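Engineer: Show me how the following folds:
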Amino acid sequence: MPVRLVIIGGGPGGNTAATVAATLGADVTLIERDIIGGAAHLWDCIPSKAMIATGGELSELTRARAMGLFAEGHLDVDALRERVASIEDHLQASVRQLLESQGVRLIHGTGRLQGPREVVAETESGREQLDADFVVLATGSRPRIPDWAVIDGERILTTREAYPPQEIPEHLCVIGSGVTGVEFTHMFSALGSQVSLVVSRQQVLPMKDAEVAAVLEDEFLQRGVKLLKGARAKSVTREGAVVTVDCDDGRCVKASHVVLAIGSIPNREHLGLEEAGVEVDEAGYVRVNHNCLTTAGNIYAAGDLSGKLPLSSVAAMQGRKIAEHLMGLHVRTHRHLDYEKASSAIFTEPEIADVGLAEADAFASGRKIRVTKVPFSANAKALIKGDARGFVKIISDPATGVVLGGSIVGRNAAELISVIAIAVTNGLKVVDIVDSLLVHPSLAESLAEAAW
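Structural biologist: Here you go, the predicted structure:
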């Protein structure tokens, strides 16, 4: 009899666990209440990146003038909305088709644990009890809304209501300067909005390298973004077409729209966690071990619910590792997930990407490191492309030469970081990058130069 697996949540963690487990011979049922592919992924991540791409093309038109090309860019908001919707529909259909081709049973509804081996699915047609050998919880998260803000869906928005936009805001105030906040700031400033960014710390991206944040801040200032550093929002009020954000230091912003980008909270309610013996931590995330197993011996958790890095790539990898573990592949070659080696990217302009050990963290812990940095202004391809902003920074062990981490700011940073990520994951040395014969001219040449 095949292993019976029930998955609650069809985002990157859930659908990857489903496809891998089904491929390995499991009988898989996946329950999803919204959209296959994940609400956070298809309603948050993909639309924002599609809109950022549109803003990027507008910026390209500006840079093209320096190359002798002159063209006027006009934003068609309706066409933008249609494009975003078509990308979402295509990706959702692709995931559904893959799951169905592998024999995964899809249930549109909600799931609840009735014990460690029983799940009840609630659908429009009624209730269905499902017996399971293993369960995967992958219900994701939702935007955090503070007590001092009332979301109206028109001018006071969370990130989930902000796109695709009904209109481009005349003046947008973004509250929160983490990854999502700076992406929104970049996205709408590129599309023509005046943007004010409320920054509670003394730099944007407070958890990132200070040099990285400085490049982005400089770009924002050149775009006309107003940075309110050291300001923490305490209230948001609306009068007609004007929204006012009051900060704890006395400053205020009057804007046409406000977007809250101040983190997320896990979707843990109504899952029957307590009945099944699944513990949560102080922040409400499900406790998991290195195999993503919860305190209930046969129940796993993946994605944002697990409290690990809130990245689609991490959720998908968790899903694969869970499927391999529950199907017994861990008794063979099975590399545990190392979250400290996960690469991430921020799709601003310029792009930002990093992986592994951060320079500030190394210094804070007293660890000796070798830091090498090369600006893209010395790269031929960057000059040819007319965009030489940013740099490549590589961190290595001075004694062994092993690559420990790196940061990239600049064009195609999200793609280029993969080289450093492979080096970090596999314990490669800087000489392995230096000795690679890379294309000339290319942005990748800066990787070898920074590794030297």
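
Engineer: ok, A231 - contacts?
Structural biologist: For A231, the contact set (Cβ atoms under 8 Å, 6 or more residues apart in numbering) comprises 198-200, 247-249, 251. Heads up, the C-betas are built off the backbone N, CA and C, glycines and all.

Engineer: Mind picking the one among those that's closest to G390?
Structural biologist: Closest approach between the contacts of A231 and G390, by Cβ to Cβ: V199, at 20.7 Å.

Engineer: What separation is there between the closest one and R155?
Structural biologist: Note on V199: its distance to R155, by Cβ to Cβ, to the nearest Å, is 21 Å.

Engineer: So which of the two has more stuff around it?
Structural biologist: V199 (25 against 19; other Cβ atoms under 10 Å).

Engineer: What values do phi and psi take at the more buried one?
Structural biologist: With angles defined as degrees, to the nearest 10, V199 sits at phi -110, psi 110.

Engineer: Throw the contacts of A231 into JSON lines and include pLDDT, thanks.
Structural biologist: Formatted as JSON lines, the contacts of A231 follow (pLDDT from 0 to 100):
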{"residue": "V198", "pLDDT": "98"}
{"residue": "V199", "pLDDT": "97"}
{"residue": "S200", "pLDDT": "94"}
{"residue": "C247", "pLDDT": "97"}
{"residue": "D248", "pLDDT": "96"}
{"residue": "D249", "pLDDT": "95"}
{"residue": "R251", "pLDDT": "97"}
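
Engineer: Please pick the buried ones from those.
Structural biologist: 198-200, 247 (16 or more other Cβ atoms under 10 Å).

Engineer: Now flag whichever of these is closest to V392.
Structural biologist: Among those, and counting by Cβ to Cβ, the member closest to V392 is V199, at 26.0 Å.

Engineer: in what helix or strand does the spatially closest residue to the closest one that is not a sequence neighbour lie?
Structural biologist: Leaving aside its chain neighbours, V199 sits nearest to S177 (4.2 Å; criterion: Cβ to Cβ, 6 or more residues apart in numbering). Per DSSP states H and E: S177 is located in neither a helix nor a strand.

Engineer: measure R287 to P266 for me?
Structural biologist: 12 Å.

Engineer: ok, now which ones touch G303?
Structural biologist: 9, 11-14, 38, 138-140, 314-315, 318-319.

Engineer: Weed out the non-buried ones from these.
Structural biologist: 9, 11-14, 38, 138-140, 314-315, 318-319.

Engineer: could I get the contacts of G303 as CSV with pLDDT and distance to L447?
Structural biologist: Below are those laid out as CSV (pLDDT from 0 to 100; distance: Cβ to Cβ, whole Å):
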residue, pLDDT, distance to L447
G9, 97, 37
G11, 94, 32
P12, 95, 28
G13, 96, 31
G14, 97, 35
G38, 85, 32
A138, 97, 34
T139, 96, 38
G140, 94, 34
V314, 95, 23
A315, 95, 27
Q318, 97, 28
G319, 97, 30
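
Engineer: Kindly indicate which of these lies nearest R367.
Structural biologist: Comparing the contacts of G303 against R367 with Cβ to Cβ places V314 closest, at 24.2 Å.

Engineer: Are we agreed that the closest one is in a helix?
Structural biologist: Yes: residue state for V314 (DSSP: H, G, I helix; E, B strand; the rest coil) corresponds to a helix.

Engineer: can you pull the contacts of it?
Structural biologist: Counting by Cβ under 8 Å, 6+ apart, V314 touches 303, 308, 337, 339, 342.

Engineer: circling back: pull the most distant pair out of the contacts of G303.
Structural biologist: Every pair of these checked by Cβ to Cβ; the farthest is T139 and V314, at 15.6 Å.

Engineer: could you pull out the strands for the stretch 301-450 of the chain?
Structural biologist: Using DSSP state E, counting those that start in this stretch, the strands assigned to the stretch 301-450 of the chain run over residues 344-346, 352-356, 370-375, 391-396, 403-409.

Engineer: which residues does the residue lying closest to C252 once chain neighbours are set aside form a beta bridge with?
Structural biologist: In space, and not counting its chain neighbours, C252 is closest to D246: 4.8 Å by Cβ to Cβ, 6+ apart. Using DSSP bridges, the bridge partners assigned to D246 are S235, C252.

Engineer: you'd agree D246 is up against R232?
Structural biologist: No: using Cβ atoms under 8 Å, D246 is not in contact with R232; the gap is 10.2 Å.

Engineer: Beyond the worst-scoring helix or strand of the chain on mean pLDDT, next helix or strand please.
Structural biologist: In the chain, no helix or strand scores lower on mean pLDDT, DSSP states H and E than helix 39, which sits at a mean of 75. Note on helix 39: by DSSP H and E, the next helix or strand toward the C-terminus is helix 46-64.

Engineer: For that following helix, which residues meet the burial criterion?
Structural biologist: Result for helix 46-64 [16+ other Cβ under 10 Å]: buried residues 46-52, 54-56, 60.

Engineer: give the contact list for the residue nearest the centre of the chain.
Structural biologist: When Cα atoms, centre = their mean is applied to the chain, the residue found nearest the centroid is L311 (4.2 Å). L311 makes contact with 342, 344, according to Cβ under 8 Å, 6+ apart.

Engineer: ok, so what distance separates it from I346?
Structural biologist: 11 Å.

Engineer: Name the single longest helix found in this protein.
Structural biologist: helix 77-101 (DSSP state H).

Engineer: And it, what's buried?
Structural biologist: So helix 77-101, judged by 16+ other Cβ under 10 Å, has buried residues 80-81, 83-84, 87-88, 91-92, 95-96, 99.

Engineer: Name the nearest of the buried residues of helix 46-64 relative to T372.
Structural biologist: G56 (28.8 Å).
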